[in-house]
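**Q** 3D model of this:
(one chain, ligands or ions: 1)
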Amino acid sequence: MAGDLKLQPLLAGYFEGHVGNGGALGHSLCPGPSNFSIPEPSDDQRRRYRTIWISDIHLGTRGCNADLLIDFLDSTDSETMYLVGDIIDGWRLKKKLYWPASHNDIVWRILKRAKRGTRIVYIPGNHDEVVRQFDGLNFGGVEIQRAAIHETADGRRLLVLHGDEFDAIMLAHRWLAVVGDALYELLLVLSGWINAVRRRFGLPYWSLSKMAKHKVKNAVEFISRYEEVVTRAAAARRVDGVVCGHIHTAEIKEFDGVTYYNDGDWVEGCTALVEHFDGRMEVLNWPEEIARRDALAALAVAGEAMARAA
Ligand SMILES: [Mn+2]
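**A** Residues are numbered from 1 along each chain as shown. Next up is the predicted model:
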């Protein structure tokens, strides 16, 4: 993919001056959380992780799966939590205000985590880009950064960003695809002429099958290209991996020794990326985790009933 290499210089200096320095100017501008409409449970049953990444919550829209996210927040805890963009959907909020109590519950829970001692880093995305102007500030214990470098327990450095930074490049890719298709059409015409000439000289048919590889543009290919573009840009930054959101597709994938992580979203998939205390990374699919928890609870009840019957 020669196109990627040509476009790489565009990104080379992009993150300079954006990474790090979060919290240096930190001062609290927000009072602590007060009360919830849905009370927070006690802490002892929570699953603990070193780091949690969540993104694309889209608070302020009906798409946000607030109940599942509240369940996730009440079931987990971590030393550090990254909010990887599109937390509040600022664009839609301007058009029409949709803000149920459950969305406040989420904001309170995040602020309360900060108060309990979780380091919270908020990396605004394209839907909450109004927050990007507060780069380097600290609101109620929430550090705002344009991008961050996270060091895992096993010493790997991960670039953390929302991921909309690559939309322009993906658009360029789409143009390359359009040019590619036009070229393919031209080659089809040319090959017709070429084969007509070849037939006249008694030569066998010349196959176009190699060209056909240029074809096919679908969502699956778009996503895998996005993943590769993001990972190549991270590799140019000399990090061991990249964590992003934006395309609402959770994934852990390797490209030439650099790892691509996407924490997914809380609109469709309802997933989070977590780092265990040994540095092992995992995507948590929360609807699946709830189903497992419910099945275990049902088994326990059945077990008790059987023990009583015996
Ligand atoms: Mn986004």
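**Q** on the three-state scheme, the closest residue to the ion within the stretch 151-300 of the chain is what?
**A** Minimum separation of the stretch 151-300 of the chain from the ion (C-beta to the ion) falls at residue 246, amounting to 4.0 Å. C-beta: built from backbone N, CA, C; applies to glycine. Judged by DSSP: H, G, I helix; E, B strand; the rest coil, the three-state class of residue 246 is coil.
**Q** find the nearest non-adjacent residue to it, please.
**A** Excluding its sequence neighbours, the residue lying closest to residue 246 (C-beta to C-beta, 6 or more residues apart in numbering) is residue 163, at 3.4 Å.
**Q** now do the contacts for the one you found.
**A** 85, 125, 226, 230, 244, 245, 246, 247, 262 (C-beta atoms under 8 Å, 6 or more residues apart in numbering).
**Q** in a helix, that's where the first one is, yeah?
**A** No. Following the definition three-state DSSP, residue 85 is coil and is not counted among the residues of a helix.
**Q** got a pLDDT number for the residue nearest to it when sequence neighbours are not counted?
**A** With C-beta to C-beta, 6+ apart as the criterion, residue 85 has its nearest non-adjacent residue at 2.5 Å, and that residue is residue 125. Predicted confidence (pLDDT) for residue 125: 94.
**Q** doesn't residue 88 make contact with residue 125?
**A** No. Residue 125 lies out of contact with residue 88 (C-beta atoms under 8 Å); the separation is 9.5 Å.
**Q** more neighbours, these two?
**A** residue 125 (28 against 25; other C-beta atoms under 10 Å).
**Q** about what we covered before: next one: the residue nearest to residue 246 from residue 122, what distance?
**A** 15 Å (C-beta to C-beta, to the nearest Å).
**Q** with residue 262 instead?
**A** For residue 262 relative to residue 122 (C-beta to C-beta), the value is 18 Å.
**Q** more neighbours: these two, which one.
**A** Just comparing residue 262 and residue 122: by other C-beta under 10 Å the higher neighbour count belongs to residue 262, 30 against 24.
**Q** which residue packs closest to the more buried one, ignoring adjacent ones?
**A** residue 251 (4.6 Å).
**Q** let me see the contact set for that neighbour.
**A** 227, 260, 261, 262, 283.
**Q** closest one to residue 153 out of these, please.
**A** Proximity of the contacts of residue 251 to residue 153 (C-beta to C-beta) peaks at residue 261, which lies at 14.9 Å.
**Q** wait, is the closest one part of a strand?
**A** Yes. Membership of residue 261 in a strand is supported by three-state DSSP.
**Q** please name the nearest non-neighbouring residue to it.
**A** Using C-beta to C-beta, 6+ apart, the nearest residue to residue 261 is residue 243, at 4.4 Å.
**Q** name the helix or strand for the closest residue to residue 282 other than its chain neighbours, please.
**A** Ranked by C-beta to C-beta, 6+ apart and with sequence neighbours excluded, the top spatial neighbour of residue 282 is residue 274, at 5.4 Å. Using DSSP states H and E, residue 274 sits in strand 271-275.
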